[in-house]
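> Pasting the sequence and the predicted coordinates here, then a few questions.
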Amino acid sequence: MSEDHRLHSVSVALHSVSVAGIVVDDEGRVLLIQRRDNRHWEPPGGVLELGETFEEGVVREVLEETGVRVTVERLTGVYKNMTRGIVALVYRCRPISGSAGPTDEAAKTAWLAPAELPDLMTTAYLVRVEDAFSEHASSRSHNGLTLFPL
């Protein structure tokens, strides 16, 4: 294989890496945002920036999207959107300061009980919350809406 062909093959296989926080308060409620761009309810998160650790990215994204500062507790899952090539690392977090409210990226924020979430979220995002309440990290693939079979 020529050098040019190898370089082209690598550029086609690039992924985007994102991070998200499943923020759980002392009452067991989860912090969600309603995104301004598509109005979907999701955990706060976004693209990991160069030069920041996964945990730094989670803290930054949650603060930017909700106004809440968190501490990261643990990795709860790794998720790949097979359609868009996005790999998301999701962490369980605990709020430490701030007050949730609308931001440039979030039309709404809400603290919700896990039982309230199935009516609001697609399966691909709901499973991230469910996995955050499990003892073990999960690895899953989806198409943006539904999970692929294991």
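Looks like it came in fine.

> ok, then the element right after the helix or strand harbouring residue 33?
Element membership of residue 33 [criterion: DSSP states H and E] is strand 30-35. As assigned by DSSP H and E, the chain's next helix or strand after strand 30-35 is strand 41-42.

> Show me the strands paired with that next one, marking each as parallel or antiparallel.
Partner strands and pairing direction for strand 41-42 (DSSP bridges) are strand 30-35 (antiparallel).

> Now do the contacts for residue 42.
Contact analysis of residue 42 by C-beta atoms under 8 Å, 6 or more residues apart in numbering lists 20, 32-33, 35, 121, 125. C-betas here are computed from N, CA, C, even on glycine.

> mind redoing it with 7 Å?
Residues counted as contacts of residue 42 (C-beta atoms under 7 Å, 6 or more residues apart in numbering) are 32-33, 35, 121, 125.

> what does residue 33 give?
By C-beta under 7 Å, 6+ apart, residue 33 lies in contact with 42, 44, 65-66, 106, 109.

> Would you mind listing the outside residues contacting the helix or strand hosting residue 21?
Element membership of residue 21 [criterion: DSSP H and E] is strand 16-23. With contact meaning C-beta under 7 Å, 6+ apart, strand 16-23 is reached by 30-31, 43-48, 54, 57-58, 61-62, 68, 70, 76, 85-93, 95, 128-129, 132.

> Show me which of the contacts of residue 33 are buried.
Buried subset of those (neighbour count, 16 or more other C-beta atoms under 10 Å): 42, 44, 65-66, 106, 109.

> okay, those in a markdown table with distance to residue 116 next?
Listed next are those as a markdown table, based on distance: C-beta to C-beta, whole Å:
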| residue | distance to residue 116 |
| --- | --- |
| 42 | 14 |
| 44 | 17 |
| 65 | 19 |
| 66 | 17 |
| 106 | 17 |
| 109 | 14 |
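
> Now, these that are in strands?
When DSSP state E is applied, the buried ones among the contacts of residue 33 are split such that 42, 106, 109 fall in strands.

> Tell me how far the closest residue to the second one other than its chain neighbours lies from residue 149.
Among residues not flanking residue 106 along the chain, residue 33 sits closest, at 3.8 Å (C-beta to C-beta, 6 or more residues apart in numbering). When C-beta to C-beta, to the nearest Å is applied, the distance between residue 33 and residue 149 equals 29 Å.
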